[in-house]
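Colleague: quick one: sequence and predicted model below, then my questions.
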Amino acid sequence: MAKIKNVGVIGAGQMGIGIAHVCALAGFNVKLNDVSLERVNSGLATINGNMARQVSKNAISEDERKGALGRITAAGMLEDLSDSDLVIESAIENEELKRKLLSDVCRVLGPDAVVATNSSSISITRLASATDRPERFIGIHFMNPVPVMELVEVIRGIATDDATFDTAKGFVSALQKKIAVAEDFPAFIVNRILLPMINEAIYTLYEGVGNVEAIDTAMKLGAHHPMGPLELADFIGLDTCLSIMQVLHEGLADSKYRPCPLLVKYVEAGWLGKKAQRGFYDYRGEKPVPTR
Ligand SMILES: NC(=O)c1ccc[n+]([C@@H]2O[C@H](COP(=O)([O-])OP(=O)(O)OC[C@H]3O[C@@H](n4cnc5c(N)ncnc54)[C@H](O)[C@@H]3O)[C@@H](O)[C@H]2O)c1
């Protein structure tokens, strides 16, 4: 089992900043990378705000916030991650891009470094084949929002060795998260179950069975879900939802996973959900307003 001190995070989007946040609070040194320093700095500002909210709720102390922020460094280039013991790739859910990033980052890492992906759906075995170290490659799949959600899925590729599996489990436990071990099948456990439900909610909207408000209310009050499925889709990001459905559809070759055409249309419009200020709800005003 490898000793992890320095963690590199690729992608400073909603998941990358959440991962950096919990790693820094747990005492790891974190380097956060994205396409530009501007993007990383905007992520750092969000982490600062999120930690300040935790202080105001007495979830962490001001000293813990300061200490954690001091452990996160902006990394403008992949080369800056060269001293990482563990790299977690959390860029957009696009296999081609992930393969390139993983192959590039391996070139700058020490031979013993472990490489992980936070992919929601893509085959760990296939992504591993883009690296020079399939035996030290693993899926560490965090849930959104990372500081709040208790679960992390750990997924071995076909070549992942026992030491890497143990390292990943030890690392996740150090973050005070619970582990569910999933086999390497499309979308693993949580999203194999969750995304078809969300996709079905979008079909329900597309077919006019109910409007946005009716569908979300129905599932919140009728099934006791804490968020409606369309609200949840906006929260996850509609581009991510579509990518996961495409991975399920292609990987399992079953028409029951066909992405709803309305989901495709929203993504084509750039209505990607909360992060784009518009999805099944419009977030630009004081209160979210349904778009259908
Ligand atoms: N959104 C969720 O609920 C959720 C949950 C678990 C896992 N995931 C997975 O986490 C990953 C990131 O999702 P997200 O929701 O944070 O997306 P996001 O769109 O919020 O962020 C993605 C980030 O990747 C960056 N990026 C793109 N190309 C890059 C490159 N070449 N180098 C470095 N950074 C690059 C983008 O600039 C952006 O900041 C995806 O693989 C997704 O499937 C998402």
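Modeller: Great, that's in hand. Source: prediction; values computed, not measured.
Colleague: thought residue 241 was touching residue 197?
Modeller: No - Residue 241 is not in contact with residue 197 according to CB atoms under 8 Å; the separation is 11.0 Å. Where C-beta positions appear, they are placed from N, C-alpha and C, glycine not excepted.
Colleague: and the two? Which one has more around it.
Modeller: Neighbour count, other CB atoms under 10 Å: between residue 241 and residue 197, residue 241 has more, with 30 against 13.
Colleague: walk me through the domains of this protein.
Modeller: 6-183, 192-290 (the TED database).
Colleague: now render those as a markdown table, adding mean pLDDT.
Modeller: Output for the domains of the chain, formatted as a markdown table (pLDDT from 0 to 100):
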| stretch | mean pLDDT |
| --- | --- |
| domain 6-183 | 98 |
| domain 192-290 | 98 |
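Colleague: can I get these in TSV including distance to the ligand?
Modeller: Output for those, formatted as TSV (distance: least, CB to the nearest ligand atom, whole Å):
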stretch	distance to the ligand
domain 6-183	2
domain 192-290	4
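Colleague: separation between the closest residue to residue 135 other than its chain neighbours and residue 129?
Modeller: Spatial nearest neighbour of residue 135, excluding adjacent residues (CB to CB, 6 or more residues apart in numbering): residue 161 at 4.3 Å. Distance of residue 161 to residue 129, computed by CB to CB, to the nearest Å: 15 Å.
Colleague: same question, residue 223
Modeller: Distance, residue 223 to residue 129, using CB to CB: 40 Å.
Colleague: of these two, who's got more company?
Modeller: residue 129 (16 against 10).
Colleague: checking the nearest residue to residue 34 once chain neighbours are set aside next. Helix, strand or coil?
Modeller: Using CB to CB, 6+ apart and skipping residues adjacent in sequence, the residue nearest residue 34 is residue 12, 4.0 Å away. Here residue 12 is coil, with the state taken from DSSP: H, G, I helix; E, B strand; the rest coil.
Colleague: phi and psi next, for residue 12.
Modeller: phi -110, psi 40 (degrees, to the nearest 10).
Colleague: which ones are touching residue 121?
Modeller: Going by CB atoms under 8 Å, 6 or more residues apart in numbering, residue 121 touches 93, 186, 187, 188, 191, 195, 243, 244, 247, 248.
Colleague: quick check: nearest residue in space to the most centrally placed residue in the chain, chain neighbours excluded?
Modeller: Central residue of the chain (CA atoms, centre = their mean): residue 15, 4.3 Å from the mean position. Closest residue in space to residue 15, ignoring its immediate chain neighbours: residue 90 at 4.8 Å, by CB to CB, 6+ apart.
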